[in-house]
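A.B. asks: here is a sequence with its predicted model. Questions after.
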Amino acid sequence: DAMVIQNPRYQVTQFGKPVTLSCSQTLNHNVMYWYQQKSSQAPKLLFHYYDKDFNNEADTPDNFQSRRPNTSFCFLDIRSPGLGDAAMYLCATSRTGSPTDTQYFGPGTRLTVL
Amino acid sequence: GQSLEQPSEVTAVEGAIVQINCTYQTSGFYGLSWYQQHDGGAPTFLSYNALDGLEETGRFSSFLSRSDSYGYLLLQELQMKDSASYFCAVSSNDMRFGAGTRLTVKP
């Protein structure tokens, strides 16, 4: 029944050690988003894929990269995590990418950086 | 630029009615959405208003006034399980979330 799946739910990494978070969807939606959410803050959009087209937010650090090998999967790569990157990372999908489209969120991956 | 303002915290008792306001500044406005997020969980969609007026979905209603750049989420017959954070989100060139309102429902 799960529609947007994120693995793992909790990830611990060391300062500077690359880490990859994964997201998969069973909705066959065109668009997949990655958000960063820190405690008591709004989800902040990092980037999104419209199909295979990558769209980076202007203020997303270069340290964050993403890959979408197929419709179902999308990965978030953090090349050199810093202490400030500790957060919940949310994956979301929408059918068309229209700003009026409902976004469906996964349960998130909580990243801890030691 | 874009900005959204909503109260950071609201407390109410079971069975009561609570209103969470959201004011926004944006260009190219299409509509206002509301999402609910329980602690440790994912945001889930509650409602969307593109036009002025009230949209009702069960115990939850959402209102929009485009001329006032203002909307609210109304929760009736509050239950303990309604304790969560509620985010308004503006659809313009993309979707931007407010900082969220943490609702605590007390017995």
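C.D. replies: Structure received.

A.B. asks: the residue nearest the centre of chain A: what secondary structure?
C.D. replies: Nearest residue to the geometric centre of chain A (C-alpha atoms, centre = their mean): residue A:34, 2.8 Å. Here residue A:34 is recorded as strand under DSSP: H, G, I helix; E, B strand; the rest coil.

A.B. asks: kindly report the same for the one 5 residues further on.
C.D. replies: Taking three-state DSSP as the rule, one finds residue A:39 in the coil state.

A.B. asks: cool, residue B:23 as well?
C.D. replies: strand.

A.B. asks: where does the prediction get shaky in chain B?
C.D. replies: Chain B contains residues with pLDDT under 70 at B:1.

A.B. asks: how near is the residue nearest to the centre of chain A to chain B?
C.D. replies: Distance, residue A:34 to chain B, by C-beta to the nearest C-beta, to the nearest Å: 13 Å. For every residue, glycine as well, the C-beta is placed using N, CA and C.

A.B. asks: for that residue, which non-adjacent residue is closest in space?
C.D. replies: Spatial nearest neighbour of residue A:34, excluding adjacent residues (C-beta to C-beta, 6 or more residues apart in numbering or on different chains): residue A:46 at 4.6 Å.

A.B. asks: tell me who's in contact with the one you found.
C.D. replies: Counting by C-beta atoms under 8 Å, 6 or more residues apart in numbering or on different chains, residue A:46 makes contact with A:34-36, A:56-57, A:60, A:64, A:66, A:76.

A.B. asks: apply 10 Å and report the result again.
C.D. replies: Shown in contact with residue A:46 (C-beta atoms under 10 Å, 6 or more residues apart in numbering or on different chains): A:33-36, A:56-57, A:59-61, A:64-66, A:76, A:89-90.

A.B. asks: what's the answer for residue A:36, then?
C.D. replies: A:43-46, A:60, A:64, A:76, A:78, A:85, A:87-90, A:111.
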